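Peer 1: what would the 3D arrangement of this be:
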Amino acid sequence: MKKTILITGSNRGIGLELARQYSVAGWHVHACCRKPSAADSLNSLASGNNNMHIHSLDVTNLEQIESLSKKLLDVPIDILFNNAGVYGPYDAYFGNVDEQECLQCMRVNTIAPLKMIENFVGHVGRSQLKLVASMSSKMASMSDNGSGGSYIYRASKAALNAMMKSAAIDLKSKNIKVAILHPGWVRTDMTGPAAEITTEESVTQLVKNMEAVTLESSGSFYDIDGSIISW
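Peer 2: Residues are numbered from 1 along each chain as shown. Next up, the predicted model:
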């Protein structure tokens, strides 16, 4: 039986590359993004590809999450990958943190992944692999923060880590594993061309890291090289 992955934020960057690699590997891919009509690269990838299924999903819209969950009610999902995320304003330095921008970043980066898990836990529980993966960032690490700044993004991802750690504990009895992932410094629209690795290199390693997750290691915070990042 083919395995299945559901990916949020799959219209570009890492999400698009995840969709491509898992599709090539023969998985059923449910690729989600806010505006499929404008997702040219994703639509091109899905053209003539029976493994690809594109869904419209704004992860901050609970009604849309619930609707997709019902639409895919009978679909076991081996990997639920919470990839959708935003950096927020780049000028969120001390003395210039906007409350509304902060709340919006939290909705996308922190609250939405939890609501996705809550609505798709049954789908994941019926699958073979039973894995939830959420894209975090090394910038969420307190011990790794030597530069300060980036208040909104750091806080949203640190809060995400806390939620995913709790989810790992709460879902262990269902044999569902949770992986918290740092993708490396990847060349995307968010980071620009100066970053260290390509999306293809990042996703290739992310796939390996997810394959290594066990119930015992569930809830760990993985660096791109597979090592554990300290909180």
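
Peer 1: now do the buried residues in stretch 140-149.
Peer 2: For stretch 140-149, a neighbour-count test (16 or more other C-beta atoms under 10 Å) marks 140, 141 as buried. The way it works is simple: take the backbone N, C-alpha and C, and place the C-beta from them, glycine included.

Peer 1: show me how far that stretch is from its chain's centre.
Peer 2: Its chain's average C-alpha position is 21 Å from that of stretch 140-149, according to C-alpha atoms, centre = their mean, to the nearest Å.

Peer 1: show me what the mean pLDDT comes to for it.
Peer 2: When the per-residue pLDDT values of stretch 140-149 are averaged, the result is 96.

Peer 1: what does that stretch contact?
Peer 2: Defining contact as C-beta atoms under 8 Å, 6 or more residues apart in numbering, one finds that stretch 140-149 is touched by 92-94, 138-139, 154, 157-158, 160-161, 221, 229-231.

Peer 1: keep only those of those residues that are in strands.
Peer 2: Where the contacts of stretch 140-149 overlap with strands, as defined by DSSP state E, the overlap consists of residue 221.

Peer 1: of the contacts of stretch 140-149, just say which sits nearest to residue 181.
Peer 2: residue 221 (8.1 Å; C-beta to C-beta).

Peer 1: so that closest one sits against residue 231, correct?
Peer 2: Yes. Judged on C-beta atoms under 8 Å, residue 221 makes contact with residue 231 at a distance of 6.9 Å.

Peer 1: what sits in contact with each of the two?
Peer 2: Common contacts of residue 221 and residue 231, defined by C-beta under 8 Å, 6+ apart, comprise 141, 161.

Peer 1: do you know how far the residue sitting furthest away from the middle of the chain is from residue 102?
Peer 2: Farthest-out residue of the chain from its mean C-alpha position, per C-alpha atoms, centre = their mean: residue 95, at 30.0 Å. With distances defined as C-beta to C-beta, to the nearest Å, the gap from residue 95 to residue 102 amounts to 14 Å.
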